[in-house]
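Trainee: Sequence first, then the predicted structure, then my questions.
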Amino acid sequence: MAGECELTVARERLSEAASIAVLTGAGISAESGIPTFRGAGGLWKNYRPEDLATPEAFARDSRTVWEWYLWRRSLIDASGPNAGHRALVTMEQQHARFTLITQNLDGLHDRAGSRRILKVHGDIWQSRCVACSYQRKDRALEYPELPPPCPECGEPLRPGVVWFGEALPRIVWAEAERAVSQADVLLVVGTSAQVYPAACLIGMARFVIEVNVEATPVSSRVAIALQGPSGEILPALV
Ligand code: APR
């Protein structure tokens with residue numbers, strides 16, 4: 001568990017910060033019962049990203065891809081934000097200049113009450129057409145047929161998420177880069193820092209505090225590495 005001294009220094013650095021950026025990954029939702037991708041019990045232990053999280057996989061077998069995302073939606077729907085998500089809401093309320101950048105699709109930051117969220121990998125609660133510009137917020141946990149047809153043009157709808165090999169949403173990414181480059185502190189929570197370009201943000205920051213249950217490829221380069229579950233550490237930082 002993170003030492004009291006590191007926690008104190010991190011807490012002081014955050015409270016003095018005029019602007020804060022936060023980058024979260026699947027680890028912040030682990031204590032809500034949502035599986036992560038890598039590490040113990042990670043989704044990529046039992047599934048292959050190339051079968052489920054690429055445009056080619058969807059073109060090849062949209063039914064299986066949709067079944068996997070609907071299963072993930074059902075897990076999230078049965079879950080809820082944890083103390084880590086709520087601590088970031090408090091931190092946002094304490095800082096006028098605060099930007100939450102998340103790689104997560106689950107919407108748990110929204111449900112916790114975070115307001116300024118940049119979703120660099122999209123949103124599992126969005127569906128959009130592969131062919132036209134149609135998109136919608138979508139809480140469906142099942143559809144009469146898979147893939148669901150676009151109500152505008154009849155082509156398949158897909159989950160509103162960024163798959164491997166796809167570009168991140170351009171405007172969202174530009175805002176994320178700006179937020180990190182202008183932040184006094186970047187708080188990196190629950191990410192293995194292995195997926196790019198999201199992981200690039202970490203190298204852009206002036207001062208990085210990492211919260212993770214284990215060491216990551218960036219741990220040796222950050223200013224403060226707080227080891228422990230985010231559901232316990234984040235409340236101790238606000
Ligand atoms: N508290 C803090 N960190 C945790 C906790 C916890 N309770 N539980 C797990 N972790 C850490 C793990 O040690 C790991 O470093 O969370 C990290 C999760 O890493 P990944 O599973 O790789 O998730 P993430 O970094 O978000 O993946 C990035 O990869 O598959 C794609 O698009 C997907 O957005 C995802 C991207």
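Mentor: Arrived safely, thanks for sending.
Trainee: check whether stretch 210-227 contacts the ligand.
Mentor: Yes. Stretch 210-227 reaches the ligand (C-beta under 6 Å from any ligand atom) through 211-214, 216. (Glycine included, C-beta is placed from N, CA and C.)
Trainee: Which ones among those residues map onto strands?
Mentor: Assignment to strands by DSSP state E places the following of those there: 211-212.
Trainee: and the residues of stretch 210-227 next to the ligand, which are buried?
Mentor: 211-213, 216 (16 or more other C-beta atoms under 10 Å).
Trainee: As CSV, the residues of stretch 210-227 next to the ligand with distance to Q227 and pLDDT would be great.
Mentor: CSV is the format used below for the residues of stretch 210-227 next to the ligand (distance: C-beta to C-beta, whole Å; pLDDT from 0 to 100):
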residue, distance to Q227, pLDDT
V211, 8, 98
N212, 7, 98
V213, 7, 97
E214, 7, 96
T216, 10, 97
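Trainee: got the residues of stretch 210-227 next to the ligand as TSV, with distance to G42 columns?
Mentor: Converted to TSV, the residues of stretch 210-227 next to the ligand look like this (distance: C-beta to C-beta, whole Å):
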residue	distance to G42
V211	18
N212	14
V213	13
E214	12
T216	14
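Trainee: what's the closest of the residues of stretch 210-227 next to the ligand to Q182?
Mentor: Nearest to Q182 among the residues of stretch 210-227 next to the ligand, counting by C-beta to C-beta, is V211 at 21.2 Å.
Trainee: beta partners for the closest one?
Mentor: V189, L226 (DSSP bridges).
Trainee: quick one: contacts for it?
Mentor: Counting by C-beta atoms under 8 Å, 6 or more residues apart in numbering, V211 touches 187-190, 226, 228, 230, 233-234.
Trainee: Domain parsing of this structure, as residue ranges.
Mentor: Annotated domains of the chain cover 1-33+81-121+167-238, 35-78+126-161 [automatic domain parsing].
Trainee: and the residue of the chain found nearest the ligand, what does it touch?
Mentor: In the chain, no residue comes nearer to the ligand than G27, which is 2.2 Å away by C-beta to the nearest ligand atom. Contacts for G27 (C-beta under 8 Å, 6+ apart) come out as 36, 189-192, 212-213, 230.
Trainee: same check, this time on V238
Mentor: 14, 87, 90-91, 94 are the contacts of V238 under C-beta under 8 Å, 6+ apart.
Trainee: List buried members of the residues you listed by neighbour count.
Mentor: 14, 87, 91.
Trainee: While we're on the second one, how confident is the model there?
Mentor: What the model reports as pLDDT for A87 is 98.
Trainee: That one contacts L237, correct?
Mentor: Yes. Here A87 reaches L237: they are 6.8 Å apart, a contact under C-beta atoms under 8 Å.
Trainee: now the strands for the protein?
Mentor: So, for the chain - with DSSP E - the strands run 19-24, 97-102, 117-119, 122-129, 135-137, 157-161, 185-189, 208-212, 224-227.
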